[in-house]
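Chemist: Give the three-dimensional model of this entry:
(one chain, ligands or ions: 1)
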Amino acid sequence: MKQLNHLVIKQLSFSRNERLLFDNLDFNFERGKITAILGPSGIGKTTLLKLIGGQLPVDSGEILFNDQAIHNCSEKVRYQARKKMGMLFQSGALFNELSVFENVAFPLREHFKLDESLLSTLVLMKLEAVGLRGAKDLKPSELSGGMARRVALARAIALDPELIMYDEPFTGQDPISMNVLLKLVKELNKTLGLTSIIVSHDVNEVLSIADNVYVLADKRIIAKGSVDEIFKQTDNALLQQFLLGKSEGPVPFHFKAPRFCDDLEKANR
Ligand SMILES: Nc1ncnc2c1ncn2[C@@H]1O[C@H](COP(=O)(O)OP(=O)(O)OP(=O)(O)O)[C@@H](O)[C@H]1O
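Modeler: Now for the predicted structure:
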């Protein structure tokens, strides 16, 4: 029987450049749901996706995908797990020299030996799913930013992943493209039965399609739950500051620094 939790992270700790980013964190990503990961810039959201994808090794803790440990497994197991994960990174540029069709065909050609007619059918199905079958012969330079993001999404679902991770998928989009992408992410989640994880600074937009939310701040999870539950936590000052985007609150404006007078004295020595 398939577990309710598709991906489970237990007691994750991770440092970068001796800076502790995660201190003993637990996450449960429910199968078939959209989970948003929110938090201030630099808190480690992209890093979390890279840890899940196996691009970075954990310092300590466990990552279980379909109940199988993928943090300390063999290369073979990691490769099999990675094949079931699609990733859409903001910087995940398309190959400029390839057509839209060939960009989406790329992972299929890499992983399978398919005859051209089957490959073509699969690519056209993925492009149809993102509404861009008609753009198959265009080059990336001929696409708008929103269209390019949708082609990257078609490429991310080319191998029929179970889980898809989006890193800032809406950044830099005009309101119409943003809504098209939001609708698409929600629809694909439902029609393909995906488990989706979205990292985004577009708090209201991402919460409009998410089922569950984790809010990170200062090495820990400051709030988690369904979207409704998160909005009810009005006594959580850190969460409220973040959700409402207030400059005043528990999140300090100043990055940790020595006393100003000490720095000035040093500068004038
Ligand atoms: N390649 C790297 N090498 C060393 N440190 C890195 C590297 N990439 C990121 N970091 C550091 O890790 C921390 C977390 O970065 P990360 O990109 O995961 O944060 P984020 O929450 O996704 O930020 P943002 O919302 O601004 O994208 C930051 O302090 C960053 O400087």
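Chemist: Tell me the secondary structure at the residue nearest the centre of the chain.
Modeler: Nearest to the geometric centre of the chain sits Tyr166, at 3.1 Å (C-alpha atoms, centre = their mean). At Tyr166 the chain is in strand, as set by DSSP: H, G, I helix; E, B strand; the rest coil.
Chemist: Kindly report the same for Arg155.
Modeler: helix.
Chemist: Can you report how many residues neighbour it?
Modeler: Neighbour count of Arg155, defined by other C-beta atoms under 10 Å: 25. Backbone N, C-alpha and C define where each C-beta goes, glycine included.
Chemist: Which residues are in contact with the closest residue to it other than its chain neighbours?
Modeler: Once flanking residues are discounted, Arg155 sits nearest to Val104: 5.0 Å by C-beta to C-beta, 6 or more residues apart in numbering. Counting by C-beta atoms under 8 Å, 6 or more residues apart in numbering, Val104 touches Val123, Lys126, Leu127, Val151, Ala154, Arg155, Ala158.
Chemist: so the fifth one sits right up against Leu132, yeah?
Modeler: Translated: Ala154. Yes: counting by C-beta atoms under 8 Å, Ala154 does reach Leu132; the two are 6.8 Å apart.
Chemist: higher neighbour count, the two?
Modeler: Neighbour count, other C-beta under 10 Å: between Ala154 and Leu132, Ala154 has more, with 25 against 21.
Chemist: tell me the pLDDT at Asp218?
Modeler: pLDDT, Asp218: 84.
Chemist: Ok, Asn17 next?
Modeler: As predicted, Asn17 sits at a pLDDT of 86.
Chemist: ok, now how distant is it from the ligand?
Modeler: Applying C-beta to the nearest ligand atom, to the nearest Å, the value for Asn17 to the ligand is 5 Å.
Chemist: need the next SSE after the biggest helix by length in the chain, C-terminal direction.
Modeler: As assigned by DSSP state H, the longest helix anywhere in the chain is helix 175-191. The helix or strand immediately downstream of helix 175-191 is strand 195-199, counting by DSSP states H and E.
Chemist: how far is that next one from where the chain is centred?
Modeler: With C-alpha atoms, centre = their mean, to the nearest Å as the basis, strand 195-199 stands 5 Å off its chain's centre.
Chemist: Check stretch 211-224 too.
Modeler: How far stretch 211-224 lies from its chain's middle: 14 Å, per C-alpha atoms, centre = their mean.
Chemist: Give me the contacts around that stretch.
Modeler: By C-beta under 8 Å, 6+ apart, the surrounding residues in contact with stretch 211-224 are 20-23, 25-27, 29-30, 33-40, 43-45, 48, 207, 225-227, 230, 233, 236, 238-239, 242, 251.
Chemist: Could you confirm whether that stretch reaches the ligand?
Modeler: No: legend: contact between stretch 211-224 and the ligand by C-beta under 6 Å from any ligand atom is lacking; minimum distance shown is 7.4 Å.
Chemist: Any buried residues in that stretch, and which?
Modeler: Under the neighbour-count criterion of 16 or more other C-beta atoms under 10 Å, stretch 211-224 has Asn212, Val213, Tyr214, Val215, Leu216, Ala217, Lys219, Ile221, Ile222, Ala223, Lys224 buried.
Chemist: Which of those lies at the shortest distance from the ligand?
Modeler: The ligand lies nearest to Leu216 out of the buried residues of stretch 211-224, by C-beta to the nearest ligand atom, at 7.4 Å.
Chemist: Mind listing the strands the helix or strand hosting Ile221 pairs with, and their directions?
Modeler: In this structure, Ile221 is located in strand 220-226 according to DSSP H and E. Partners of strand 220-226 in the sheet, by DSSP bridges, are strand 212-217 (antiparallel).
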